[in-house]
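1. what's the 3D shape of this:
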Amino acid sequence: MERPVRVRFAPSPTGPLHIGGVRTALYNYLFARRHGGAMILRIEDTDSQRFVPGAEQYIMDSLRWCGIEIDEGVGVGGPHAPYRQSERRAIYLKYATELVEAGWAYYAFDTAEELDALRREAEARGEAFAYNYAVRGRLATSLALPAEEVRARIERGDQWVIRFRMPENEVVKMDDLIRGHVEVNTSTLDDKVLYKSADALPTYHLANIVDDHLMEISHVIRGEEWLPSLPLHYLLYRAFGWEASRPEFAHLPLLLKPTGGGKLSKRDGDKMGFPVFPLFWTSPTTGETAHGYREDGYLPQAFINMLALLGWNPGTEQELFTMQELVDSFSLDRVSKSGARFQPDKARWFNAQYLHRMNEQELAALYQPILRAHGIEVADEVAGKAAGIMKERAQLLTELWDLTSFFFVAPDTYEEKQARKYWKGQNPAILAELRGVLASIDDFSLENTERIVRAWIEERGYGMGQVMNTLRLALVGAGKGPGMYDVTAFIGREECLRRIDRLIATLQPGE
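-> Below is the predicted model of the structure:
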């Protein structure tokens, strides 16, 4: 009988969550939902040197904004609590010492200075230093020192680490759900540190294996940067006698720079003007800030849709997916082995598709906070209508204010190019005449106003563009915006007349 699917997203709180990390969380979530399994959030905070205050909350806020639901873990609880590794520290020493007792690991007492000296000596010989089978028997380790001395060093408080005893010249055979069968000779690998007495904490290698086993993780879906660690992890499962319950592994491809060369970084985003983090971030230590997709005007469903297709191919021409459609379609066998190049323009395109498909009620909920930030208090119906009129011209939510501000705020300046072109000759007199026509209209609906004004223009023999562009200057203040009858119907007769009067009173006609 197949065991239940249980996956985990296990980030380190060392800074804001990169969109590559969000994609890893998303693929775990889609896989879990596709197979009726559980999604676990574990915080791997054993690297106390790199811990950043606020980063854990940022991770949880980001996942929540993205719609990635956590079934068990930090912020939710569950049967395998605690889910922060720093709160599980008492667990790991027991397992590390078990490995020592079984001959799979050993104590090493080398100081940082001694290891630096060994590296320099190796470099002088034109070699790279590796802490492995070739040197461990002649260094300050429990493999070389008498048992009494090892015990005495530990008892007097000397600092030590526990290293994995990598077998010599053995082929480790592994299987990856994305990359297929992989074989590595252990003689090419070094003896990784599993536990450090200095801070009484394990390294990633020990902690994640122990926790994955205790939390009954069935599949480990993580970034390809962990692929070189897979042989060690396979051997750790063997060393603990957990091979029968070892999870299946899938290593995801990198997200690449828009240019295609190398991993996508914050520097790329800064240089090219796009975010690489889901939410805005301010560093608590340096004060440095970073843009976020949410604050830059992206919709979470568009952001997730875009991310899902960076490295995964549904096998069809479909590009727009709801979260449920992603769940129904997702499979690891359609995840690419090669890196996926991030395309900022495509991210904007996805957002535009979702924005354009929204109804006025949905738009109102998103647009109201933007209006309030500009001191505008209107009913949802009004906010939704304004956004609805202009949504086809927007790619981002943040663009809506510039596109619709004239609906709510009368112009107090006039675009120089438009004024020079239209506020001259007969046009001021024609606008004054049009004011009288508009003032006489009782039913100021779009259709009725258009019918009456069109008839007047034809009767007077004026040019349609001449009249409409002069009216646009008065109502909008610039050569932008929707059809003029959308504007007149939205702002109403009295506001139309006020704006016309203001233009006539404040701007001198040109020659």
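
2. Now the strand or helix carrying residue 474: buried residues?
-> Taking DSSP states H and E as the criterion, residue 474 maps to helix 464-475. Neighbour counts over helix 464-475 (16 or more other CB atoms under 10 Å) mark 467, 468, 469, 470, 471, 472, 473, 474, 475 as buried. From N, CA and C alone the C-beta is placed, and that goes for glycine too.

3. got the contact list for the first one?
-> Right, residue 467. Contact partners of residue 467, counting by CB atoms under 8 Å, 6 or more residues apart in numbering, are 430, 431, 434, 453, 457.

4. that older thread, which one among the buried residues of helix 464-475 gets closest to residue 379?
-> Using CB to CB, residue 475 comes nearest to residue 379 of the buried residues of helix 464-475, at 21.3 Å.

5. any idea how far residue 208 is from that closest one?
-> Residue 475 sits 62 Å away from residue 208, going by CB to CB, to the nearest Å.

6. Low-confidence regions, this protein specifically.
-> Residues of the chain meeting the criterion pLDDT under 70: 1, 511.

7. quick revisit: so can I have CSV of the contacts of residue 467 showing secondary structure?
-> Below are the contacts of residue 467 laid out as CSV (DSSP: H, G, I helix; E, B strand; the rest coil):
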residue, secondary structure
430, helix
431, helix
434, helix
453, helix
457, helix
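
8. between those residues, which has the most around it?
-> residue 434 (23 neighbours; other CB atoms under 10 Å).

9. Now residue 175, what are its backbone angles?
-> Phi and psi for residue 175, reported as degrees, to the nearest 10, are phi -130, psi 130.

10. so it sits right up against residue 181, yeah?
-> Yes. Counting by CB atoms under 8 Å, residue 181 is a contact partner of residue 175 at 5.6 Å.

11. okay, those two: which has more neighbours?
-> Counted by other CB under 10 Å, residue 175 and residue 181 do not tie: residue 175 has more neighbours, with 12 against 8.

12. tell me the contacts of the more buried one?
-> By CB under 8 Å, 6+ apart, the contact set of residue 175 is 181, 182, 248, 249.

13. at 6 Å instead, please
-> By CB atoms under 6 Å, 6 or more residues apart in numbering, the residues touching residue 175 are residue 181.

14. do the one 4 residues further on as well
-> Contact partners of residue 179, counting by CB under 6 Å, 6+ apart, are residue 337.

15. if I look at it, how far off is residue 252?
-> For residue 179 relative to residue 252 (CB to CB), the value is 10 Å.

16. Show me the strands in the stretch 1-150 of the chain, by range?
-> Secondary structure of the stretch 1-150 of the chain (DSSP state E, counting those that start in this stretch): strands located at 6-9, 38-41, 72-73, 105-108.

17. could you dump the last one to PDB, C-alpha only?
-> Extracted in PDB, the C-alpha atoms of strand 105-108 (Å, rounded to 0.1, in the frame of the first residue of the first chain):
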ATOM      1  CA  ALA A 105      30.500   9.400  12.100                       C
ATOM      2  CA  TYR A 106      33.300  10.600  14.200                       C
ATOM      3  CA  TYR A 107      34.300  13.500  16.500                       C
ATOM      4  CA  ALA A 108      36.700  16.100  15.000                       C
END
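
18. So what touches that strand?
-> Contacts of strand 105-108 (CB under 6 Å, 6+ apart): 99, 141, 142, 143, 150, 160, 161, 162, 163, 164, 165.

19. just checking, which of those residues belong to helices?
-> In helices, defined here by DSSP state H, the members of the contacts of strand 105-108 are 99, 150.

20. Find the pair from the contacts of strand 105-108 with maximum spatial separation.
-> Spanning the widest gap among the contacts of strand 105-108 are 150 and 164, at 17.2 Å by CB to CB.

21. ok, these two, which is more surrounded?
-> Neighbour count, other CB under 10 Å: between residue 150 and residue 164, residue 164 has more, with 24 against 21.

22. what bridges to the more buried one?
-> On the basis of DSSP bridges, residue 164 takes part in beta bridges with residue 105.

23. give the contact list for it.
-> Residue 164 makes contact with 105, 191, 192, 194, according to CB under 6 Å, 6+ apart.

24. For residue 296, state which of those is nearest.
-> Closest to residue 296, out of all of the contacts of residue 164 and judged by CB to CB, is residue 192, at 39.9 Å.

25. how many neighbours does that closest one have?
-> Neighbours around residue 192, by other CB under 10 Å: 18.

26. Looks like it contacts residue 205 (just checking).
-> Yes. Using CB atoms under 6 Å, residue 192 is in contact with residue 205, at 5.4 Å.

27. Now the common contact residues for the two.
-> The contact sets of residue 192 and residue 205 overlap at residue 232 (CB under 6 Å, 6+ apart).

28. Okay, and residue 250 sits in which element?
-> strand 248-252.

29. any idea how far the residue nearest to residue 189 when sequence neighbours are not counted is from residue 130?
-> Nearest residue to residue 189 in three dimensions, chain neighbours excluded: residue 166, at 5.2 Å (CB to CB, 6 or more residues apart in numbering). Residue 166 is 10 Å from residue 130, where distance means CB to CB.

30. Which one's more surrounded, the two?
-> Higher neighbour count among residue 166 and residue 130: residue 166, with 24 against 17, using other CB under 10 Å.

31. Tell me who's in contact with residue 263.
-> For residue 263, the contacting residues are residue 254, by CB under 6 Å, 6+ apart.

32. Just to be sure, which of the contacts of residue 164 are found in strands?
-> The members of the contacts of residue 164 that map onto strands under DSSP state E are 105, 194.

33. Could you check the angle the next helix or strand after the helix holding residue 474 makes with helix 464-475?
-> Where DSSP H and E defines the elements, the next helix or strand beyond helix 464-475 is helix 484-491. Here helix 484-491 points in a direction 30 degrees away from that of helix 464-475 (axes from the mean of the first three to the mean of the last three CA atoms, to 10 degrees).

34. Can you pull the phi/psi pair for the closest residue in space to residue 140 that isn't next to it in sequence?
-> Leaving aside its sequence neighbours, residue 140 sits nearest to residue 109 (CB to CB, 6+ apart; 4.2 Å). The phi and psi values for residue 109, taken as degrees, to the nearest 10, are phi -110, psi 10.

35. wait, residue 109 sits on residue 160?
-> Yes. Contact criterion CB under 6 Å: residue 109 and residue 160 qualify, at 5.2 Å.

36. I'd like the buried residues of helix 464-475 written out as TSV, with distance to residue 441 added.
-> As requested, those are exported to TSV (distance: CB to CB, whole Å):
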residue	distance to residue 441
467	15
468	16
469	20
470	18
471	14
472	18
473	20
474	16
475	15
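
37. just these now: which is nearest residue 447?
-> Taking CB to CB as the measure, residue 447 sits nearest to residue 468 out of the buried residues of helix 464-475, at 16.3 Å.

38. That closest one and residue 442, how far apart?
-> The gap separating residue 468 from residue 442 is 22 Å, by CB to CB.

39. which residues touch residue 25?
-> Residues near residue 25 by CB under 6 Å, 6+ apart: 9, 68.

40. which stretches of the stretch 1-150 of the chain form helices?
-> 19-34, 55-66, 89-101, 112-124, 147-155 (DSSP state H, counting those that start in this stretch).

41. Other residues contacting the fourth one?
-> So that's helix 112-124. Outside of helix 112-124, the residues within contact range by CB under 6 Å, 6+ apart are residue 129.

42. heads up, I number from 245, so please use that
-> Yes, from this point I'll number from 245; that puts the last item at helix 356-368.

43. picking that back up, quick one: which of the contacts of residue 408 has the most company?
-> Neighbour max across these (other CB under 10 Å) = residue 349, 28 neighbours.

44. give the contact list for the closest residue in space to residue 631 that isn't next to it in sequence.
-> For residue 631, ignoring the flanking residues on the chain, the nearest one in space by CB to CB, 6+ apart is residue 607 at 3.9 Å. Residue 607 makes contact with 628, 631, 632, according to CB under 6 Å, 6+ apart.
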